[in-house]
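1. could you work out the structure for the sequence below:
(one chain, ligands or ions: 1)
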Amino acid sequence: MGRLHECRIIDLPKVSDPRGNLSFIEGGRHVPFDIRRVYYLYDVPGGSDRGSHAHKRLHQFIVAMSGSFDVVLDDGLEKKRFHLNRSYYGLYVCPMIWRYLDNFSSGAVCMVLASGYYDETDYIRNYQQFLELAR
Ligand code: TYD
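-> Numbers count the residues shown, from 1 in each chain. Reported below is the predicted structural model:
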């Protein structure tokens, strides 16, 4: 079995309120890592793909803050497609997983919580190299 089984949808706390709902994310509690960085994808043109890389050490948690998109995860042995379309759950992605995002709706906002600062040396951007390292 590969690492893909470690990746999973995590439901977030949801405080339902007629004035508007509220969710929150605490590092080490709702996601299995401490949060060092937050970034987000927005104004994604229809038909566009993002991602297509893996990280050696980085843990991430991906939330559709608005709209919807798909995340495809691949551990070198198997692949799984997740459709994200609500802001009260997200997808945990462990290290050494090849991922790409597609099928963005108009107005989609993809928020990513990450365990580390931006570090280009943590990226694997070549799929063949990923397969050699993953297997
Ligand atoms: P990248 O992670 O390659 O995005 P994608 O794989 O979705 O295309 O990032 C795109 C560019 O943005 C990359 O050249 C570096 C920059 N970047 C930062 O400077 N800081 C960050 O936290 C991230 C995620 C990217």
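2. how are the strands of the protein distributed by residue range?
-> 8-11, 14-15, 22-23, 37-41, 50-55, 60-66, 69-74, 79-84, 89-93, 98-102, 109-114, 123-124 (DSSP state E).
3. which residues touch the first one?
-> By that I understand strand 8-11. Contact with strand 8-11 is made by 30-31, 61, 82, 88-92, as judged by CB atoms under 8 Å, 6 or more residues apart in numbering. Placement of C-beta: from N, CA and C, glycine included.
4. same question for that strand, mean pLDDT?
-> Strand 8-11 shows a mean pLDDT of 98.
5. identify the neighbouring strands of that strand in the sheet and state each direction.
-> Each strand paired with strand 8-11, and its direction, by DSSP bridges: strand 89-93 (antiparallel).
6. how far off centre is the strand it pairs with?
-> Strand 89-93 sits 6 Å away from the centroid of its parent chain (CA atoms, centre = their mean, to the nearest Å).
7. what angle sits between it and strand 79-84?
-> 150 degrees (axes from the mean of the first three to the mean of the last three CA atoms, to 10 degrees).
8. list the contacts of strand 89-93.
-> With CB under 8 Å, 6+ apart, strand 89-93 has contacts from 6-12, 25, 31-32, 59-64, 71, 73, 82, 84, 99, 113.
9. hmm, that strand in reach of the ligand?
-> No: judged by CB under 6 Å from any ligand atom, strand 89-93 makes no contact with the ligand; its nearest approach is 12.7 Å.
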